[in-house]
Structure formats: structure tokens, C-alpha cells
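**Student:** Mind folding the following:
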Amino acid sequence: MAYFDGFVLAVPAANKDAYLALAEKVAPAFMEFGATRLVEAWGEHVPDGVLTDFKRAVKATEDEAVVLSWIEYPDRATRDAAHEKMKEMGMGEDDMPFDGKRMIFGGFAPIVDQGARGRVAYIDGMLTPVRTAERDDYRAACERVVGALLEHGAARVVHGWGDDTPDGKVTDYKRAVMAEDDETVVYAWIEWPSSETREAAWKTVMTDPRMQNLPFDAKRAVFGGFAPILDA
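**Tutor:** Got it, this is the predicted structure:
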């Protein structure tokens, strides 16, 4: 994978089946246009944060669930071409079982992608503000952390550097993590073979010295646990 689109959105819990039906409908089109994978994951453990969290990122109401989604492409050119073709299909907000104005979306260039790629049983998602000038330091730290996560049972870990993260009228990635002008938003996820493996890993992995002294403001980072509902 050389590029991916990352999405965060709020979906009424009552519309879960309708959302899945829409995702299943559009997935073949993305594959036809060059995407290599499309994942939709339903929020199961989306904790409240002190400064930021996934719910506030998309202004989710009490009757809504947060959905984490991404589409992988071989390169940005393929992604850009797919966007144009999807626009030609003419899908509008009336076709969406959620409020598209609050959906956060953007393009990311992977700086870390390690582990086995395949179907996954549970996902940890994260949004992080990182000083743009500290990209190399962040990548080095991620590679160190990934080693610890893989040893504790993670199947795959990806960190994507914000490359095309537009400002939104209601929500966007920068506001989600209160990013400053000299910061870039990172979209990351951890794939786990089971929720049990994930739960056991987090009980011990945080004591691993490789997880310490990470170069970002953890108080503004956004975390959550998600269960895949579609892996195309």
C-alpha cells in the first residue's frame, strides 16, 4: 500500500444495517477503480477524552456510533482517479444513512506499514497531531513501538502521514486533534487477530520500554476500539 483514504463518521445506531448495505454497494466500485482494500469498523470502545475524542471529532450524538473506515490504494494517482470516477456516479448526501457534513475524510501516505495483511477481527484506531518538522523522529518511534505491538500479538500496524486533509465546514482532522499550524495529523490503526488478543496485549504492552517517550502530545491524541463490519 502506498496511499490510503481515512474516514471517521457518526452513524445513527438504528442505521447500522443501512450503512453496511451502502458500504457493500460501493465497495465493488472502489475495487474496480483500483482500490486494493476497503474496511468499515463499528465503534465498540470509544472512550471520552479530556481534550479530544472520536465522538467530539464528528460531533456524535448519544444515539450515534463512531465508524472508522479506510480505503487502500497502490498510489495517490490511482486514488485521485478513483475519486473522479466516484463523482461521476453521482452519489449524493440523500443516499447516505448518516450526516455527510460531519464526516471527516482525507488522504494519507503511509510512513509505517508492518505486519501481515489480511482479514482482521478487531481494530484500534488513532488520530495524532505531530510536529511536521519531527516526521522522521515520529517514524523512528513508530517503528520501535510496532516491534513491541507485533510481539504482543498485533497482526499489522499502519501509520499514515496527512497528505490531503482538507478543512471542513463542520468537522475535519485538524479540529479533531486541535492541530496547530506547524503540526500534521497522523491516521493510524492496529489490526488484531481477535479482541481477546488485543485485550491481553494492552494489559502488558504499555510497560514495554519501547512504548515510552513518544514524540507527540498524547493529551490531544484520539483513540478507540472498533469491530470490523466489512473487509473487502
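
**Student:** okay, CA-based contacts and neighbour counts for the rest of this
**Tutor:** OK.

**Student:** Can you tell me what sits against the biggest strand by length in the chain?
**Tutor:** Of all segments of type strand in the chain, defined using DSSP state E, the longest is strand 104-115. For strand 104-115, contacts defined as C-alpha atoms under 8 Å, 6 or more residues apart in numbering pick out 1-9, 58, 139, 142-143, 146, 150, 154-166, 168, 171-173, 186-187.

**Student:** Could you list which of these belong to helices?
**Tutor:** 139, 142, 143, 146, 150, 173 (DSSP state H).

**Student:** Relative to the longest strand of the chain, what are the paired strands and their orientations?
**Tutor:** strand 3-12 (antiparallel), strand 156-164 (antiparallel) (DSSP bridges).

**Student:** mind listing what's buried in the last one?
**Tutor:** Going back to what we said before, that points to strand 156-164. 156, 157, 158, 159, 160, 161, 162, 163 (16 or more other C-alpha atoms under 10 Å).

**Student:** Could you tell me how many residues sit around residue 205?
**Tutor:** 17 (other C-alpha atoms under 10 Å).

**Student:** where does it fall, helix, sheet strand or coil?
**Tutor:** helix (DSSP: H, G, I helix; E, B strand; the rest coil).

**Student:** Select from the ones in helices among the contacts of strand 104-115 the one having the most neighbours.
**Tutor:** residue 173 (29 neighbours).

**Student:** was I right about that one contacting residue 185?
**Tutor:** Yes. Using C-alpha atoms under 8 Å, residue 173 is in contact with residue 185, at 6.7 Å.

**Student:** can you list contacts of stretch 61-77?
**Tutor:** 1-13, 34-43, 46, 54-55, 58, 60, 79, 125, 226.

**Student:** Tell me how many other residues crowd the closest residue to residue 165 other than its chain neighbours.
**Tutor:** Computed as C-alpha to C-alpha, 6 or more residues apart in numbering, the closest residue to residue 165 that is not its neighbour in sequence is residue 106, at 4.4 Å. Around residue 106 there are 19 other residues, counting by other C-alpha under 10 Å.

**Student:** separation between residue 106 and residue 197?
**Tutor:** Computed as C-alpha to C-alpha, to the nearest Å, the residue 106 to residue 197 distance reads 30 Å.

**Student:** Likewise for residue 99?
**Tutor:** 34 Å.
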